[in-house]
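Visitor: Prediction below, plus the sequence it came from.
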Amino acid sequence: MPSSVFEPLELTNGKTLKNRLVKAAMEEGMADAQQRPGHELCGLYQRWAEGGVGVIITGNVMVDSLAMTGPGGVALQADADMEAFKRWAAAAKTNNTQVWMQINHPGRQVYKSMGGKALAPSAVALDLGKHSDKFATPKAMTEAEIEDVIERFVTTASQAQKAGFDGVQVHAAHGYLLAQFLSPLSNQRHDQWGGALENRSRLLLEIVQRIHQQCGEGFTLSVKLNSADFQRGGFDIGDAEQVVAQLEGAGVHVVELSGGSYESPAMQGRTADGRTLDREAYFLEFAERISSKTKVTIMTTGGVRRLATANRVVANGVELVGIASAMSFKHDLPNIWQTQPDYVAVIPPVNWKDKTMAAMATMSIIRRQLVRLGRGKAVQKKPSPAFALIADLLSKAKLTRRYRKLVVEG
């Protein structure tokens, strides 16, 4: 077993990463009006690359401009301006860093105010209590819509390869569309796409197989998968083990294990089924169990703030350590750990009783720091959750008006 996250790692496709630290995906909401990566986003990624990680995984890049997780998101389709994406890839590859584009479709996790498409395996709305009305009620997808989504994922992956990205990560976690198909709570279909796990995983498997065929073995193919939904009756660790075995057979090189959804934000350390997560490396127990049963490189993400924790992850047989929120406050955390191994990254907690609002405030604080980093500024040492949330909501309202005018309403 490796003794340090700073040891290199060769993936199953022969690609070598300079170390085992990965800047895991965070949704920045920093696209320009044409849903392209702009100057600030490129600046942010160059700072992360210079900060010492072996790999950067981008925030959500959507496969359909009419199905977005937020109005400031990046979309990459067949007709995209590739120069903007080439600049983004080049900035992220500074300092011998590899960059994988996370590609995604939100399914039902679409804000009602945005318009566009709200698709899902079944017409099952999000249950967020008093906040449920903020999200559109989805329509059950037709066969034609399923095929369209498959083709969109393949197209986006191919476009990413042309732009210079080293690989893609297909997002099948956190309650987005592919996770909705995997979960029996949101997938209540009775055709080839629903019912038994073999059918619920069919869409994900079809997408990764076609990407592998289109882009080739040298293009790193990763999947972000829930170790569990952390909702009673949902996708769980036994399901995850079976899906990882399927992904190995489909040519996937890396699986990142995370957990949760908008309904149960386990990716922020909170669950809806009463299970308690570790204070750091939330999903390490699940990742260890799966890593022992597969040849696929396993990565886990969730609350890592200490080098000792990161080294414990790799010592326990999990090859890659994802760091997300901590790198919104310390973009050069890997470099700091090289000279200050006892340094602990500080992530300001939001301990509000309303878990949905607390999760939103946490994401707002993080996005505020990412914008500052992209502009070459220092991060805030003591950000106000309330101020960050209000500022973020005002910004989203403005971006939503822009999005609807330019994309939804034409």
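Guide: Yes, it's here.
Visitor: Under the pLDDT cut-off, which ranges of the stretch 201-350 of the chain? List them.
Guide: In the predicted model, the stretch 201-350 of the chain carries pLDDT under 70 at residues 228-234, 260-282.
Visitor: What ranges does it have for its helices?
Guide: Using DSSP state H, counting those that start in this stretch, the helices assigned to the stretch 201-350 of the chain run over residues 202-215, 237-249, 284-291, 307-315, 326-329, 333-339.
Visitor: The third one to helix 237-249, inter-axis angle?
Guide: On the basis of axes from the mean of the first three to the mean of the last three C-alpha atoms, to 10 degrees, helix 284-291 is oriented at 40 degrees to helix 237-249.
Visitor: got the angle for helix 284-291 vs helix 307-315?
Guide: Going by the same axes, to 10 degrees, helix 284-291 makes 20 degrees with helix 307-315.
Visitor: Could you list the buried residues of helix 284-291?
Guide: Buried residues in helix 284-291, counting neighbours by 16 or more other C-beta atoms under 10 Å, are found at 284, 286-291. In short, each C-beta sits where N, CA and C put it, glycine included.
Visitor: Can you give the distance of that helix from its chain's centre?
Guide: Chain-centre distance of helix 284-291: 19 Å, with C-alpha atoms, centre = their mean, to the nearest Å.
Visitor: if we can go back for a sec, just the buried residues of helix 284-291 now: which is nearest residue 38?
Guide: Nearest to residue 38 among the buried residues of helix 284-291, counting by C-beta to C-beta, is residue 287 at 34.7 Å.
Visitor: Now the closest one. Nearest residue, chain neighbours left out?
Guide: Leaving aside its chain neighbours, residue 287 sits nearest to residue 300 (3.9 Å; criterion: C-beta to C-beta, 6 or more residues apart in numbering).
Visitor: Equivalent analysis for residue 409, please.
Guide: Residue 409 sits nearest to residue 115 (C-beta to C-beta, 6+ apart), 7.8 Å away.
Visitor: What residues sit buried inside stretch 387-402?
Guide: Going by 16+ other C-beta under 10 Å, stretch 387-402 has these buried residues: 388-389, 392, 395-396, 399-400.
Visitor: from the middle of its chain, how far away would that stretch be?
Guide: Worked out by C-alpha atoms, centre = their mean, stretch 387-402 lies 21 Å from the chain centre.
Visitor: How about stretch 241-256?
Guide: Centre-to-centre, stretch 241-256 and its host chain are 17 Å apart (C-alpha atoms, centre = their mean).
Visitor: again, but for stretch 159-176
Guide: Relative to its parent chain, stretch 159-176 has a centroid offset of 9 Å by C-alpha atoms, centre = their mean.
Visitor: before we move on, what about stretch 30-48?
Guide: 17 Å.
Visitor: likewise stretch 335-343?
Guide: For stretch 335-343, the gap between its own C-alpha mean and the chain's C-alpha mean amounts to 26 Å (C-alpha atoms, centre = their mean).
Visitor: Show residues contacting it.
Guide: Residues external to stretch 335-343 that are found in contact with it (C-beta atoms under 8 Å, 6 or more residues apart in numbering): 6, 51-52, 307-308, 310, 330, 333.
Visitor: so which pair among the residues you listed is furthest apart in space?
Guide: So, the contacts of stretch 335-343 by C-beta to C-beta: farthest apart are 51 and 308, at 19.2 Å.
Visitor: The two: which is more packed in?
Guide: Ranked by neighbour count (other C-beta atoms under 10 Å), residue 51 and residue 308 place residue 51 first, with 22 against 12.
Visitor: what does stretch 35-43 contact?
Guide: If you take C-beta under 8 Å, 6+ apart as the criterion, stretch 35-43 is touched by 28, 30-32, 62, 65, 73-75, 80-81, 84-85, 87-88, 91, 371, 373-376, 407.
Visitor: So which of those residues sit within helices?
Guide: 84-85, 87-88, 91, 371, 373-374 (DSSP state H).
Visitor: out of those, who's nearest residue 215?
Guide: Residue 215 lies nearest to residue 85 out of the ones in helices among the contacts of stretch 35-43, by C-beta to C-beta, at 15.2 Å.
Visitor: So residue 145: helix, strand or coil?
Guide: Classification of residue 145 by DSSP: H, G, I helix; E, B strand; the rest coil places it in helix.
Visitor: Double-check residue 72 against residue 31; I have them as touching.
Guide: Yes. The criterion here is C-beta atoms under 8 Å, and residue 72 meets it with residue 31 at 5.5 Å.
Visitor: ok, residue 357 - contacts?
Guide: Per C-beta under 8 Å, 6+ apart, neighbours of residue 357: 131, 389.
Visitor: For it, pull up the helix or strand it's in.
Guide: helix 355-374 (DSSP states H and E).
Visitor: What is the subsequent helix or strand relative to that helix?
Guide: helix 385-403.
Visitor: Can you tell me what sits against that following helix?
Guide: Contacts of helix 385-403 (C-beta under 8 Å, 6+ apart): 29, 33, 68, 70-72, 111, 113-114, 348, 350, 352, 357-358, 360-365, 367-368.
Visitor: quick one: it to chain centroid distance?
Guide: Worked out by C-alpha atoms, centre = their mean, helix 385-403 lies 21 Å from the chain centre.
Visitor: avg pLDDT for it?
Guide: The average pLDDT for helix 385-403 rounds to 92.
Visitor: That helix relative to helix 355-374, how many degrees between them?
Guide: With the same axes, to 10 degrees as the basis, helix 385-403 and helix 355-374 are set at 80 degrees to each other.
Visitor: Identify the residues contacting residue 404.
Guide: Under the criterion of C-beta under 8 Å, 6+ apart, the neighbours of residue 404 are 114-115.
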